[in-house]
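**Student:** the amino acid sequence is not available; the structure is as follows:
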């Protein structure tokens, strides 16, 4: 039922051509460091060297509530999820401002917000249910809901790529969502809960203890399925996380580069790369979040974050902060003069 | 003779107002991490909260040759300095591309290129001499040349601020310039040469040994003046480094925020903060270079770099890569909605 086929790698020949071009640009070989790696990757994803500037970088924020907030795992009340969806629509949230600064546009999708829709129908076109189940005591989703959520993410990726998106960022919004995200990462990486559980939006010590108990309970419920990413998304994930996983996998199918955000998106990415092996070749990690589980997940995905700004907001903000660096890297590879063009002498040891 | 007066601090009351505003924006307190610190700093430098977007961010590249290249300390021939000045003018260098990507413009000034001027007269308007002396065996500058170089940097800062520059970046171009820069940093921080000497543009092992010998010789020549930053610039610095120091100090006098680049600019910054104590309050470190001396100098200046992209190019490129992050931080503080404006509930523990 859930099959993304074989994920191709970005174009290795183009990557070689991009590396060779870097050697001809007017700078010491390798002196642009990670910018060189990023530009080679984009070139290989695009299948062309020199690469072209991003024309339609796009952030998709997946909003959903989580029944586990009833366990007191967050510093914010659950109604904030719906309020923030309205804030995204009005353009007042951090991701609106940071995406605009990076030249990207923002779409918000209501996958499982625990509210009737006060917003435009398009935001709710892919809605799966009102809130996912309380993973401490029950499954997050039914089988049908899981399939619907993954399919929603897949269709959203297709919609975006068909509309010309050439760089994608997945963002998250959902009070309590670091609880299922951390559960998924702990289960998929066989980590001890206390080693990976963070403060989320800033829960206090008592809340952190409640969050830890909820994650232990959810992991106990999932103890026999920890090798099955799809079952994990259903039992201890949520509709928003499942939709993100479908989105991430399908964007790789569509050969579209993606910048990962923080712990919630990266939990979905860890599942998506298991469901669609090789998908991670189309991703780079935008930033390192302060959530411990994020670093564990990135290590498993073998991705090094571009920036480390001690951010812990989600919404896609960490990836949005990294986007101008990737865009600048692309510009350097595409637009710098070569030694021959500029009449500059090369290194004496060449 | 060389006196920048008292350097004021950025406005502490405005910094408090900026921190308070961050607490009212629709995000968990502190969740934007270092972006919050950066935006508070810009606000305090501008003396206004919310801060305004940068209208004229400006990169000034200080070009100069160094007689010490005769000792074989670089992987590139000395004539590349003049060739690169032409490349900057034509817009083909990395700093041209990365500055444009960041919304900044670039000016190149010939302070001490070892060539007659094939370029426009304005580039050479502040020229001090053709190449600085070989610091391994002689002083880099005479007393008069030192004064002229510092004054050139001061006048360039005034020209830029008078023309509306509201964010400055100093860049460097000069084959061999990491040799005097490393000498200055080692002398000003009392470091062992081998602990701080890097590969510059990529010198091989034999070249690294020659560079180390040259730096040891220069440090020996400077052994009695290591507490005197002005004398150090004259004896084992260079005209470009002295001009940068004047530029950095005067920009602080003019209350203009500055992003530091790599090892060469930061060597000048270390001297400038000694010459004009407190100047560093107007600076942030754009990036961490791979040159070991850079990290030593940043630690002494108590500055944490914004990004670490393993870059080692100079020209202002590391600061240019950080600029979009600072701009985004300013946008977040200025343009995000507050909890009241957006009708979003705050943290339950507030």
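**Tutor:** Sure thing, it's come through. Keep in mind that this is a model prediction, so the values were computed, not measured.

**Student:** near chain B, which residues of the stretch 201-350 of chain A? Just list them.
**Tutor:** The stretch 201-350 of chain A comes close to chain B at residues A:201-202, A:204, A:290, A:306-313, A:317, A:320-321, A:324-325, A:327-328, A:331-332, A:335-337, A:341-349, as judged by Cβ under 8 Å from any Cβ of the partner chain. The way it works is simple: take the backbone N, C-alpha and C, and place the C-beta from them, glycine included.

**Student:** in helices only, show me those.
**Tutor:** Of those, the ones assigned to helices by DSSP state H are A:317, A:320, A:321, A:324, A:325, A:327, A:328, A:331, A:332, A:335, A:341, A:342.

**Student:** neighbour-wise, which one of those leads?
**Tutor:** residue A:317 (34 neighbours; other Cβ atoms under 10 Å in any protein chain shown).

**Student:** list the contacts for the closest residue to chain B within the stretch 251-350 of chain A?
**Tutor:** When distances are taken as Cβ to the nearest Cβ, the stretch 251-350 of chain A reaches nearest to chain B at residue A:337, 2.7 Å away. Residues counted as contacts of residue A:337 (Cβ atoms under 8 Å, 6 or more residues apart in numbering or on different chains) are A:25, A:26, A:344, B:87, B:90, B:92, B:93.

**Student:** and residue A:310, what does it touch?
**Tutor:** Contacts were defined as Cβ under 8 Å, 6+ apart; by that measure residue A:310 touches A:290, B:33, B:34.

**Student:** kindly indicate the member of those residues with the most neighbours.
**Tutor:** Counting neighbours by other Cβ under 10 Å, the top entry in the contacts of residue A:310 is residue B:33, with 21 neighbours.

**Student:** which phi and psi does that one have?
**Tutor:** Comment: the main-chain dihedrals of residue B:33 come out as phi 50, psi -130, following degrees, to the nearest 10.

**Student:** give me the helices and strands touching the lowest-mean-pLDDT helix or strand in chain A, please.
**Tutor:** Taking all helices and strands of chain A together, the one with the lowest average confidence (mean pLDDT, DSSP states H and E) is helix A:193-196, at a mean of 92. Packing contacts for helix A:193-196, counted by 3 or more Cβ pairs under 8 Å, 6 or more residues apart in numbering or on different chains; DSSP states H and E, involve helix A:178-189, helix A:205-221, helix A:292-301.

**Student:** could you dump these to TSV with mean neighbour count?
**Tutor:** TSV is the format used below for the helices and strands packed on helix A:193-196 (neighbours: other Cβ atoms under 10 Å in any protein chain shown):
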stretch	mean neighbour count
helix A:178-189	29
helix A:205-221	19
helix A:292-301	22
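
**Student:** so can I have CSV of those helices showing mean pLDDT?
**Tutor:** Converted to CSV, the helices and strands packed on helix A:193-196 look like this (pLDDT from 0 to 100):
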stretch, mean pLDDT
helix A:178-189, 97
helix A:205-221, 96
helix A:292-301, 97
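
**Student:** columns distance to residue A:40 on top of those, output as a markdown table?
**Tutor:** Converted to a markdown table, those look like this (distance: least, Cβ to Cβ, whole Å):
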| stretch | distance to residue A:40 |
| --- | --- |
| helix A:178-189 | 28 |
| helix A:205-221 | 39 |
| helix A:292-301 | 19 |
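
**Student:** what about the helices in the stretch 51-200 of chain A?
**Tutor:** Taking DSSP state H, counting those that start in this stretch as the criterion, the stretch 51-200 of chain A carries its helices at A:80-90, A:94-101, A:143-162, A:178-189, A:193-196.

**Student:** can you tell me which of these is nearest to residue B:100?
**Tutor:** Taking Cβ to Cβ as the criterion, helix A:94-101 is the member of these that comes nearest to residue B:100, at 15.9 Å.

**Student:** so does the closest one get close to chain B?
**Tutor:** Yes: if you take Cβ under 8 Å from any Cβ as the test, helix A:94-101 does meet chain B, through A:94, A:96, A:97, A:98, A:100, A:101.

**Student:** tell me the most packed of those residues, by neighbour count.
**Tutor:** The most neighbours of any of the residues of helix A:94-101 next to chain B, using other Cβ under 10 Å, belong to residue A:98, which has 32 neighbours.

**Student:** spatially nearest residue to it (excluding sequence neighbours)?
**Tutor:** With sequence-adjacent residues excluded and distances taken as Cβ to Cβ, 6 or more residues apart in numbering or on different chains, residue A:98 is closest to residue A:320, at 4.2 Å.

**Student:** do you know the pLDDT at that neighbour?
**Tutor:** In this model, residue A:320 is scored at 98, pLDDT.

**Student:** can you pull the contacts of it?
**Tutor:** Counting by Cβ under 8 Å, 6+ apart, residue A:320 touches A:59, A:95, A:98, A:99, A:101, A:102, A:104, A:169, A:286, B:328.

**Student:** any figure for the gap between the fifth one and residue A:67?
**Tutor:** Taking Cβ to Cβ, to the nearest Å as the measure, residue A:101 falls 35 Å from residue A:67.

**Student:** list the contacts of residue A:285.
**Tutor:** Under the criterion of Cβ under 8 Å, 6+ apart, the contact list for residue A:285 reads A:259, A:260, A:266, A:298, A:301, A:303, A:304, A:305, A:306.

**Student:** how about a cut-off of 10 Å?
**Tutor:** Residues in contact with residue A:285 (Cβ atoms under 10 Å, 6 or more residues apart in numbering or on different chains) are A:259-262, A:265-266, A:269, A:294-295, A:297-298, A:301-307, A:318-319, A:322.

**Student:** beta partners of it?
**Tutor:** Following DSSP bridges, residue A:285 is listed with bridge partners residue A:260.

**Student:** report the buried residues of the least confident helix or strand of chain A.
**Tutor:** Across helix A:193-196, burial judged by 16 or more other Cβ atoms under 10 Å in any protein chain shown covers A:193, A:196.

**Student:** now do that helix: everything it contacts.
**Tutor:** Counting contacts by Cβ under 10 Å, 6+ apart, the residues outside helix A:193-196 that touch it are A:181-183, A:185-187, A:189, A:208, A:211-216, A:218-219, A:263, A:291-297.

**Student:** where does the stretch 1-150 of chain A dip in pLDDT?
**Tutor:** Residues of the stretch 1-150 of chain A that meet the criterion pLDDT under 70 lie in A:1, A:117-119.

**Student:** of all residues in it, which one is closest to chain B?
**Tutor:** Among residues of the stretch 1-150 of chain A, the one nearest chain B by Cβ to the nearest Cβ turns out to be residue A:92. It sits 2.7 Å away.

**Student:** surely that residue touches residue B:340?
**Tutor:** No: using Cβ atoms under 10 Å, residue A:92 is not in contact with residue B:340, being 11.1 Å away.

**Student:** any shared contact partners between those two?
**Tutor:** What both residue A:92 and residue B:340 touch, as defined by Cβ under 10 Å, 6+ apart, is the set residue B:26.

**Student:** show me what contacts residue A:208?
**Tutor:** Neighbours of residue A:208 in contact, by Cβ under 10 Å, 6+ apart: A:73, A:194, A:197, A:198, A:199, A:200.

**Student:** which among those end up buried?
**Tutor:** Neighbour counting with 16+ other Cβ under 10 Å marks A:73, A:197, A:198, A:199, A:200 as buried within the contacts of residue A:208.

**Student:** pick out the most distant pair among these.
**Tutor:** Taking Cβ to Cβ as the measure, the buried ones among the contacts of residue A:208 span a maximum distance of 11.4 Å, between A:73 and A:198.

**Student:** what touches both of the two?
**Tutor:** A:178, A:182, A:208, A:211.

**Student:** isn't the first one right next to residue A:201, touching?
**Tutor:** If I follow you right, that is residue A:178. Yes: in this structure, residue A:178 sits in contact with residue A:201. The criterion is Cβ under 10 Å, and the distance is 7.8 Å.
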